[in-house]
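Engineer: I would like to see how this sequence folds:
(one chain, ligands or ions: 1)
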Amino acid sequence: MTGLAPELTFAHRHLLGIEGLSPDEITLLLDRAETYVAQNRLADKKKAVLVGRTIINLFFESSTRTRTSFELAGKRLGGDVINMSVSTSSIKKGETLIDTAMTLNAMHPDVLVVRHPDSGGVKLLSEKVNCAVINGGDGSHEHPTQALLDALTIRRRKGRLAGLRVAICGDVLHSRVARSNIYLLNTMGARIRLIAPRTLIPPAVERMGVEVFNDMKEGLKDCDIVMMLRLQSERMHTNYFPSIREYFHFFGLDYEKLASAKPDALIMHPGPMNRGVEIDSEVADDIGRSAIREQVEMGVAVRMACLEVLALNLPAWVEGAD
Ligand code: NCD
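Structural biologist: Residues are numbered from 1 along each chain as shown. Reported below is the predicted structural model:
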């Protein structure tokens, strides 16, 4: 008894990215997540969906929101959750990604949630293990659960995704959040604009079905959603703009630039935010306009939905055991 309509199964072993998911599969995940939003607001937040299952959070990069919300999601569904961070594991002692994967695999986890600094690192790991793998962010490639939680936030506020004009602004070049959002929003029929300095726009990105702008006021004109991105300085090995001050002047979201968007435009940011760099503090905290805290709430519900649909596809026995 899955509680899912039979025609709406999620026919994937892993969730490695949004690329390749159908509109129905995305809708299934958002609809399941919606039920968990309500449950997470109750005193009793538990549902026995993952009882007996083991989830390991394996994070090779720092994280606050993603790791914590996967931990809460797993626990609220009754699973056992273990957190492994690189600083305390043998990876520091030189063990390779694959050796770590094989070691964890031998302990028979059911789901591995993996964040890795290399694009493609999570897929590589998924090919070596018997369990389901969820990508918690791989390099500048994909961050599927972030795009899903953003979509849920937008759908709840605007009632739909199709036809909305969404601006994704800032360091698109290094952003896995931007890439996953582009795939998702395109699949669901939204219109996407990227706004950034030329140096922070990936080459040939127009092929992904987006419009590119290098001026905030021009790009934000009539937008329904303004999604800001953090400057990912940890992935920058050269100078992409003259100074932080100049970056904020031209690309930081303040009320003056926001005035070009629709009067009811929603402000979003995946976090962590650099106040005064990509977003003005007052704009970020504007309760009437900013959905930033709601995004964090939606993150738990979306991760519960992802864990649930993948767990339903797991065999009832331990694969690969001697
Ligand atoms: C994002 C990430 O790690 O890709 N953060 C997150 O998961 N909420 C964005 C970022 O680090 O800027």
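
Engineer: the residue of the stretch 201-322 of the chain found nearest the ligand: which element?
Structural biologist: Here the stretch 201-322 of the chain gets closest to the ligand at one residue, Arg230, 3.4 Å apart by CB to the nearest ligand atom. Quick note: C-beta positions are derived from backbone N, CA and C, even for glycine. Assessed by DSSP states H and E, Arg230 sits outside every helix and strand.

Engineer: show me what contacts it?
Structural biologist: Counting by CB atoms under 8 Å, 6 or more residues apart in numbering, Arg230 touches 170-171, 175, 269-274, 277-278.

Engineer: repeat that with 6 Å
Structural biologist: By CB atoms under 6 Å, 6 or more residues apart in numbering, the contact set of Arg230 is Asn274.

Engineer: likewise for Ile18?
Structural biologist: Residues in contact with Ile18 (CB under 6 Å, 6+ apart) are 144, 147, 180, 183-184.

Engineer: okay, now the closest residue to Ser22 other than its chain neighbours: neighbour count?
Structural biologist: Nearest non-adjacent residue to Ser22, counting by CB to CB, 6 or more residues apart in numbering: Thr187, 7.4 Å away. When neighbours are counted by other CB atoms under 10 Å, Thr187 registers 21.

Engineer: quickly note the distance from Thr187 to Leu28.
Structural biologist: With distances taken as CB to CB, to the nearest Å, Thr187 is found 13 Å from Leu28.

Engineer: just checking, Ser126 touches Leu15?
Structural biologist: No. Using CB atoms under 6 Å, Ser126 is not in contact with Leu15, being 9.7 Å away.

Engineer: more crowded one of those two?
Structural biologist: Taking neighbours as other CB under 10 Å, Ser126 and Leu15 compare with Leu15 leading, 27 against 20.

Engineer: so what's the more buried one scoring on pLDDT?
Structural biologist: Leu15 is assigned a pLDDT of 98 by the prediction.

Engineer: beta partners for it?
Structural biologist: Following DSSP bridges, Leu15 is listed with bridge partners Ile134.

Engineer: who are the contact partners of it?
Structural biologist: Applying CB under 6 Å, 6+ apart, the residues contacting Leu15 are 134, 144, 306.

Engineer: let's see that with 10 Å instead.
Structural biologist: Contacts for Leu15 (CB atoms under 10 Å, 6 or more residues apart in numbering) come out as 21, 25, 29, 111, 113, 122, 126, 132-136, 142, 144-145, 148, 306-307, 309-310.

Engineer: ok, now Ile201?
Structural biologist: Per CB under 10 Å, 6+ apart, neighbours of Ile201: 171-173, 194-195, 210, 212-214.

Engineer: pull out the buried members of the residues you listed.
Structural biologist: 171-173, 194-195, 210, 212-214 (16 or more other CB atoms under 10 Å).

Engineer: which of these are close to the ligand?
Structural biologist: Contacts with the ligand are made by none of those, judged by CB under 6 Å from any ligand atom.

Engineer: picking up where we left off before, now the common contact residues for Ser126 and Leu15.
Structural biologist: Joint contacts of Ser126 and Leu15 (CB under 10 Å, 6+ apart) are 132-135.

Engineer: closest to Val37 out of the residues you listed?
Structural biologist: Set against Val37, the nearest of those by CB to CB is Ile134 (19.3 Å).

Engineer: what count of nearby residues applies to that closest one?
Structural biologist: 23.

Engineer: interface residues of the stretch 51-200 of the chain facing the ligand?
Structural biologist: Residues of the stretch 51-200 of the chain found near the ligand (CB under 6 Å from any ligand atom) are 65-66, 137, 143, 146, 176-177.

Engineer: from those, which two are the most distant?
Structural biologist: It's Arg65 and Arg176 that sit farthest apart of those, by CB to CB, at 13.8 Å.

Engineer: who's more crowded, those two?
Structural biologist: Legend: neighbour count by other CB under 10 Å for Arg65 and Arg176, higher for Arg176 (25 against 16).

Engineer: give me every residue that touches the more buried one.
Structural biologist: By CB under 10 Å, 6+ apart, the contact list for Arg176 reads 17, 115, 119, 135-144, 146-147, 232, 235, 270.

Engineer: buried subset of the residues you listed?
Structural biologist: Buried members of those, scored by 16+ other CB under 10 Å, are 17, 115, 135-144, 146-147, 232, 270.

Engineer: nearest to Phe60, of the residues you listed?
Structural biologist: Nearest to Phe60 among the buried ones among the contacts of Arg176: Arg115, at 6.1 Å, using CB to CB.

Engineer: bridged to the closest one, which residues?
Structural biologist: On the basis of DSSP bridges, Arg115 is bridged to Phe59.

Engineer: list the residues that contact it.
Structural biologist: By CB under 10 Å, 6+ apart, Arg115 lies in contact with 57-63, 66-67, 70, 85-86, 121-122, 134-139, 143, 176.
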